[in-house]
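Colleague: fold the following for me, if possible:
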Amino acid sequence: MFKFLANLFKGPEPVKKEPVIKAGVVDTGKAPKKFPADSVLKGLTKKELEELARTHGVELDRRKTKVNMIKEFKDLHSKKK
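Modeller: Model (predicted):
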């Protein structure tokens with residue numbers, strides 16, 4: 001009976017995070033190896049673009065248009081090297 005009560009109040013088991021594949025980008029939690037192609041960047045949403053830029057160490061502002069975000073991402077990434 002005590003096992004039943006303990007299981008009843010126990011939280012959910014942790015879920016293992018699987019790599020997420022979005023528009024040709026694989027999010028494994030590790031730093032990316034190379035800069036993505038223009039076609040990949042254009043296929044991402046603004047939120048996905050911001051997350052990808054963070055993996056490259058660049059912070060973007062989602063209030064801007066996607067075209068301007070991509071341009072800023074390229075500029076900041078090239079300056080960072």
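Colleague: what's downstream of the least confident helix or strand in the chain by mean pLDDT, the next helix or strand?
Modeller: Within the chain, no helix or strand scores below strand 25-27, which has a mean of 49 by mean pLDDT, DSSP states H and E. For strand 25-27, the following helix or strand on the C-terminal side (DSSP states H and E) is helix 38-42.
Colleague: contact partners for the residue nearest to K42 when sequence neighbours are not counted?
Modeller: Once flanking residues are discounted, K42 sits nearest to I70: 7.2 Å by CB to CB, 6 or more residues apart in numbering. Every C-beta, even on glycine, is put in place using the N, C-alpha and C of the backbone. In this structure, I70 makes contact with D38, L41, K42, L49, judged by CB atoms under 8 Å, 6 or more residues apart in numbering.
Colleague: and the strand or helix carrying F73, average pLDDT?
Modeller: Taking DSSP H and E as the criterion, F73 maps to helix 66-80. Computed over helix 66-80, the mean pLDDT rounds to 90.
Colleague: any idea how far K74 lies from R54?
Modeller: Counting by CB to CB, to the nearest Å, the gap from K74 to R54 is 15 Å.
Colleague: more neighbours: the two, which one.
Modeller: More neighbours sit around K74 than around the other of K74 and R54, counting by other CB atoms under 10 Å; the figures are 14 against 11.
Colleague: what about the more buried one, distance to V67?
Modeller: Between K74 and V67 the distance is 11 Å, computed by CB to CB.
Colleague: same question for L49.
Modeller: Computed with CB to CB, the distance linking L49 and V67 is 11 Å.
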